[in-house]
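Asks: Build me a model from this:
(chains A, B and C)
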Amino acid sequence: MTIEIKTSTMKPIRNTYAHIERRFGDKPATRYQEATYDVHSTHNFHYKPLWDQDRQINDPARTAVVMGDWYDLKDPRQFYYGPYVQNRSKMQENAENNFKFFEKRGLGESLNSSLREKIIELVIPMRHAEVAANLNNMYGTAHGTGTAVTQALIFEAMDRFGNAQYFSKIGLALDGNTGDSLATAKEHWMSNPAWQGVRAYCEKTLTIKDWFEAFIAQDIVLDTLINDLYYRQFDEWLTQNNGRDLLLLMEFMQDRAKDSQRWSDSVLKVVVTESEHNSNQVLAWISTWRIRAQEALEPLASALLGDKALADAFAVLEKRLTKVGLNC
Amino acid sequence: MSRVQIAFQDNDESRYIVAAIEQDNTTAVVHYEPAMIRVENEGSLIINRDTVSEQIGMEWDVQSLHINLITLTGHIDEDDDYFKIMWNN
Amino acid sequence: MSPKKLNLKDKYKLLTRDLDWEFSYEDRKEAFPYEEFEGIKITDWDKWEDPFRLTMESYWKYQAEKEKKLYAIYDAFAQNNGQTNVTDARYVNAIKLFLTGVSPGEHAAHLGFAFTGRQMGGIGARVAAQMQSIDELRHIQTQIHAMSHYNKFFDGFDEFNHMHDRLWYLSVPKSFFEDARTAGPFEFMIAIGFSFEYVLTNLLFVPFMSGAAYNGDMATVTFGFSAQSDEARHMTLGLEIIKFLLEQHEDNLPIVQKWLDKWLWRGYRLLTLVAMMMDYMLPQKVMSWQEAWELYFEDAAGALFKDLERYGIKMPDYTDTIKQEKEHLSHQAWWIFYQYTHAAAFHTWTPTAEEMDWLSEKYPDTFDKYYRPRWELAAEMEAKGERFYTTGLPQLCQTCQIPMAFTEMSDPTQVSYRESIYNDERFHFCSDPCKSIFDNEPEKYVNAWLPVHQILQGNCGGGGLDKVMEYYHLDDGVANLEFEGSPDAERWKEWKGVA
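Replies: Residues are numbered from 1 along each chain as shown, chains lettered A, B, ... in the order given. Have a look, this model is predicted:
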C-alpha cells in the first residue's frame, strides 16, 4: 500500500520544458533536444550593436538565406557539448597512440627524403588553411541563427583548429621536434606558387560578410575538394608510394572529415529544399566559389597528385551537390 | 604581499594535490568547505608535478589539474613540471 | 636521432601561435574589421601571453572526462529522486532564479566569445576566446540538463527561455549581456572576460554552489563546480586581456578604465540577485552576502587592483558606495520581489523568526533597525490572511533595469533617485554610477527594452495584468505568489508525509 502511494506521489508533473513540449509533444525529451531547441534569444533586444547598427544583436538577416525555422537544421550526429567532446576525445586517444607508435618505431626516419620533402612542402602548410576554416566556422557561430546550427559550427571550428595542430604535429614528427619543418612549410605557404591560390582563397573567405556564404565557400566547396584530394586520393597515393606509415598520422583528419560531411550535407540539403529562393542563392554562391576554387587548387592538386586529380575531386563535389538536389 | 588562493572539488584526486601543495608551500592554509577545498598562501603558491606524482604514486600530468579545479586568483605560470600562481605585489 | 623534448611553452607556440600569417591577397582589416573603432591601439599581437596552454587534444581529453563524471551524477540524481533530498522546497526557488536568470547569460557569453574569438587579430587571444566560447556553451547545456529533473517536479522552470526574453526582472541579466555583446570586441573582453569572469564570477558561482551543497542539491553542486573548473581558465584570460591592452599603448588606459568603471558596476548590480539568494532564499545559510562580498571582492579584488596600479588603473570610486550597500542590498532586493512575486516565476516568503535572528546577527547595524520591523509586519499581515502584494508597476532604472527601490546610503529610508535629460526626454536611474553609464552613451541606452515601459505601451500582450501574465506564460497560482500554499509547497508536504 505504502509503495503504491509513494510511486504515485513521485510522478512527474511534466515531462520536459514547455518549448520542447510545444515542438515534440508531451513526452520525455532527449538531452540533445533540451540542450538545443530554442536556446537562442529571439525577442525584445535591448541595444543596437555598435558594429552593426542596422541589425539586432541576434538577427536572422545576417544571411540572405531564409528559414521558416532555423531549428530544422538538426545535426544528424545529435552532438551537443557532452557527446561532442567525448567523441573527439576517443578519436584523439587513437591519434595520440598513432603518433606515439610512429615516434617510438622511428617511422619518420625510414621515410625517403623526397617523400619527406613532399610532405613538408605540400601537406604541412595545410595547418594554415585549417586556421581559415576555424575562423569561417567561428563566424557562423557568432552570427548564425538557432543553436542547432551554431553549436555544430563551433564544433566544426574547434575541430579545424585541432586539425591545424595535427598537421603541425606531423611536421614535428618528421623534424624530431625542432620545428624546422614548420618553418619551411610556412615559407611554402607564403611563397610557393603551389599554395598561393589556396592562400588567396582562404584570405578571400575571411572577408565574406554573409555567414551562410562563408559556410558554402568553406565547408561545402573548398572542403569537399580538399577532403577528396588529401583524404582519398593522396591516401591512395601514399599507400602506393611507400608512405603507408604516414596514414597513421592522417587518420584523425580523415575520420573527422567523414563525420563532419554527414552534418554539412544535412545542413545544405535542408536549406536548399526549404525554398527556391534559398536554392537559387546557394547555387549563386557555389558557382562563384567553385570558379575560385578551381583556380586556387589547380597548382596544388597537380603538384600533389598530377593533372587529373582536381577533375576527380570536382566530380566528387558535383555528386555531393546533386545528392542534395543542386544541379549546377 | 597579497594572498593567492586556489580551490578544488573535494574528492580523492584533489586530496593528493592538496597534500603536495602543503608539502611544497609550508605557509599555505587549507580550508575544508562544503564540497570544496580552498588553499590560501601569501604571495604565491606552487604545485609541482613530481611532488603530486610521488603522492599519487604514478605519473601526474600538470594539465589534469583542470579536471578538479574550481577557482584561483593571481597570475599563472604553467609548464610541464609545475603550475604556479602569484601576485606581483 | 632521438626527438628533442619540447616543453609546454615551446610546443604551444609551435602548435598555435605560429599558425597565423601575414595577408598578401586581401586587406587584413577586411577580415578583422572591428579592431579599431573602439579606439584601442594594438601595436603587436605577438606580445600576447597565453593564459593557459591547452591544445585541442588536451581540451577534448580533459573536458570529456569532466562531462562523463558530471552526467553520471545527473543520472544517479534522477534515478534516486534527488530532488527530495534538498533541505526544503523553498530552496528550489534559488535555482529557478539561476536557470531563468543566469543560464541564458551563459549562452549570450558563448555567442559573445564566438564573436571576439573570430574578430580579434591575434591568434593567441582568439583561440583562448574560442575555448571560452565553447565552454560557455557547455555551461548553458549542462545547466539545462541539471535543471531538467527539477523541472519535472517543480513549477517555474518550464518556460525559462520564453521568460528570459520577456519577464520584467529577467531583463536585468538579459540587458547586461546584450550590453556587452553589442559593444566592440575589446569592450566585451573587458566586460565579460575581465570584470565579470575575473572579478565577479566567484561571487556568482561559489555562493550558489556552496548554497546548493549546504542544501542537499547535488546536481547543482556538481554542474557548478564542474563549470567553475572552466572558469579558472576564463579568469586567467580575463586577467591577460587587461594586462595586454594596458601594455600595448598608453592611450588604452583611459578607455579601459572607463570600461572597468562601467562593467564592475553593471556586474555588481546584477549580483543583487545573488545577494538576496544568499541571505533570504537558502533554508540552510552558507555565509551572508556581506561576508561573501568581503571575501571574494574586497580581499581578492583588492589584491588584483594593487597589481594593476602599475598601469595606472584605479579601483572605481564608487566602491565606497558598494561597501555601504553591502549591509542593505539583500534586504531591499528581497523586499522588491516579495511585493511583486505575483508577477515572478518563483515564490517568496517572509523570513522565519530564526532566519531573522540570523540576519540580525549578520547585519547588526542594519537589520533590526531598518528591515526587521518591515518583515514582522509582513508576517503579521500574512497571518491575518492579508499577504502583502504591490499592484502598481514599479519605475525601472534605465541602465540596470532594477526597480527603483534602492536607498540613499546616507539615509536608508530614502529611495535613491537620479535623472538625466537626453533629447528632451527624461530618464531615471537608481544610482550615480547607473546615471553616469547612461550619460557616457545615451544613444545606446535609450534603446533599452524596459519591461515596464513596454507593458504600458501595450507591447506585452496589451491590456491588463492578466494579458501580461499570458504574454509571460506565467499561470497565476502556479509558479508565482507566496510560497506557502503554492503547488510546490503542497507537493513537498505530500512527499514528506506532512499534513
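Asks: Tell me the residues of the stretch 301-450 of chain C that contact chain B?
Replies: Contact residues, the stretch 301-450 of chain C versus chain B (CB under 8 Å from any CB of the partner chain): C:Gly302, C:Ala303, C:Leu304, C:Lys306, C:Asp307, C:Glu309, C:Arg310. For every residue, glycine as well, the C-beta is placed using N, CA and C.
Asks: What about the fifth one, how many residues nearby?
Replies: What it means is C:Asp307. 19 (other CB atoms under 10 Å in any protein chain shown).
Asks: got it, and the third one?
Replies: Counted with other CB under 10 Å, the burial measure for C:Leu304 works out to 24 neighbours.
Asks: With the fourth one instead?
Replies: C:Lys306 has 15 neighbours, counted by other CB under 10 Å.
Asks: Next up, identify which helix or strand it is on.
Replies: Following DSSP states H and E, the helix or strand that holds C:Lys306 is helix C:300-308.
Asks: and the nearest residue to C:Asn151 once chain neighbours are set aside, what does it touch?
Replies: Among residues not flanking C:Asn151 along the chain, C:Phe157 sits closest, at 3.9 Å (CB to CB, 6 or more residues apart in numbering or on different chains). For C:Phe157, the contact set (CB atoms under 8 Å, 6 or more residues apart in numbering or on different chains) comprises A:Tyr17, C:Lys96, C:Leu99, C:Thr100, C:Met147, C:Tyr150, C:Asn151.
Asks: now the helices: where do they sit in the stretch 151-300 of chain A?
Replies: A:180-191, A:193-205, A:211-215, A:223-226, A:234-240, A:244-274, A:276-305 (DSSP state H, counting those that start in this stretch).
Asks: about what we covered before: please compute how far the helix holding C:Lys306 lies from its chain's middle.
Replies: How far helix C:300-308 lies from its chain's middle: 21 Å, per CA atoms, centre = their mean, to the nearest Å.
Asks: Skip ahead from it and say which helix or strand is next.
Replies: Using DSSP H and E, the helix or strand that follows helix C:300-308 in sequence is helix C:319-325.
Asks: A:Thr322: how many residues sit nearby?
Replies: 11.
Asks: Can you classify it by secondary structure?
Replies: Put simply, A:Thr322 is helix when judged by DSSP: H, G, I helix; E, B strand; the rest coil.
Asks: Look up how far C:Pro51 lies from whichever residue of chain B sits closest to chain C.
Replies: Nearest residue of chain B to chain C: B:Ser2, at 3.1 Å (CB to the nearest CB). Look at B:Ser2 and C:Pro51: by CB to CB, to the nearest Å, they are 19 Å apart.
Asks: which one is A:Lys204 nearest to, not counting chain neighbours?
Replies: C:Glu26 (6.0 Å).
Asks: Who are the contact partners of the one you found?
Replies: A:Ala200, A:Glu203, A:Lys204, A:Leu206, A:Thr207.
Asks: Correct me if wrong: C:Ser288 contacts C:Thr366.
Replies: No. C:Ser288 lies out of contact with C:Thr366 (CB atoms under 8 Å); the separation is 11.3 Å.
Asks: JSON lines for the contacts of C:Glu26, including neighbour count and pLDDT?
Replies: Converted to JSON lines, the contacts of C:Glu26 look like this (neighbours: other CB atoms under 10 Å in any protein chain shown; pLDDT from 0 to 100):
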{"residue": "A:Ala200", "neighbour count": "17", "pLDDT": "98"}
{"residue": "A:Glu203", "neighbour count": "19", "pLDDT": "98"}
{"residue": "A:Lys204", "neighbour count": "18", "pLDDT": "98"}
{"residue": "A:Leu206", "neighbour count": "21", "pLDDT": "98"}
{"residue": "A:Thr207", "neighbour count": "17", "pLDDT": "98"}
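Asks: Cool, thanks, signing off.
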